[in-house]
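1. quick one, what's the 3D model for this:
(one chain, ligands or ions: 1)
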Amino acid sequence: MDAAQLEISGMQPQDIEQVAALERRIFSMPWSVDGFLASLQSPDTLYLAVRDCGRVAAYCGMLQSFDEADITNVAVAPEYRGRGVGLRMLRELMTRGAGRGVRRYTLEVRRSNAAAIRLYEKLGFVSVGIRRNFYAKPQEDALIMWTAEDSYA
Ligand SMILES: CC(C)(COP(=O)(O)OP(=O)(O)OC[C@H]1O[C@@H](n2cnc3c(N)ncnc32)[C@H](O)[C@@H]1OP(=O)(O)O)[C@@H](O)C(=O)NCCC(=O)NCCS
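-> Purely as a prediction, here's the structure:
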């Protein structure tokens with residue numbers, strides 16, 4: 001499988017059952033179907049799904065507030081990891097976000113999540129602080145990361 005062959009497009013309501021199933025496989029505190037649906041319906045969000053022959057292989061999303069956006073969801077199915085899917089998907093999200101006026105991105109990530117932290121650093125995020133015990137199941141600190149202004153303009 002070549003990551004470049006996967007199709008990236010806006011998440012659709014009909015993707016959400018698959019997205020929520022993937023979410024339950026990956027996260028200890030998964031978002032629900034209703035949570036994704038509500039987010040998708042907001043004009044301030046942008047969600048992308050990566051499909052392999054129609055099946056959702058990865059997804060991500062952001063919540064925009066004026067010229068800043070919080071990347072709220074990032075997940076790649078285990079069988080698609082390590083092939084550049086996450087990087088390509090987030091570049092697409094951030095480029096599309098810049099087209100909607102986003103100048104700076106932020107996110108939180110578990111302190112122990114080395115793979116995600118490396119991915120975010122590759123996209124230009126730097127760690128600016130820590131939120132103590134931000135996560136549960138298991139309890140863990142979050143790193144708060146930001147990009148520089150206009151790095152995706
Ligand atoms: C983090 C995650 C999204 C990465 O997706 P991916 O498609 O495997 O990542 P990519 O193949 O695009 O890798 C891009 C870069 O990320 C870093 N990276 C990815 N996986 C890594 C790993 N296991 N260890 C160290 N660095 C890693 C590398 O810098 C890599 O670049 P390189 O291949 O040139 O070294 C994926 O592992 C995942 O879904 N994890 C579970 C969910 C999660 O943690 N989401 C983030 C919540 S904040």
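2. and the closest residue to the ligand within the chain, what helix or strand is that in?
-> Nearest to the ligand in the chain, going by Cβ to the nearest ligand atom, is G86, at a distance of 2.7 Å. Using the backbone N, CA and C atoms, a C-beta is placed for each residue, glycine as well. Assigned by DSSP states H and E, G86 belongs to helix 85-99.
3. quick one: low-confidence parts of the protein?
-> 2-3 (pLDDT under 70).
4. who in it is up against the ligand?
-> 26, 74-76, 81-87, 109, 113-116, 118-119, 122 (Cβ under 6 Å from any ligand atom).
5. please redo it, this time with the cut-off set to 8 Å
-> 3, 26-27, 58, 71, 73-78, 80-89, 107-110, 113-122 (Cβ under 8 Å from any ligand atom).
6. the residues you listed in strands, which ones?
-> By the criterion of DSSP state E, membership of these in strands covers A58, I71, N73, V74, A75, V76, L107, E108, V109, R110.
7. got the residues you listed as JSON lines, with neighbour count columns?
-> Below are these laid out as JSON lines (neighbours: other Cβ atoms under 10 Å):
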{"residue": "A58", "neighbour count": "25"}
{"residue": "I71", "neighbour count": "24"}
{"residue": "N73", "neighbour count": "22"}
{"residue": "V74", "neighbour count": "20"}
{"residue": "A75", "neighbour count": "24"}
{"residue": "V76", "neighbour count": "25"}
{"residue": "L107", "neighbour count": "22"}
{"residue": "E108", "neighbour count": "17"}
{"residue": "V109", "neighbour count": "22"}
{"residue": "R110", "neighbour count": "15"}
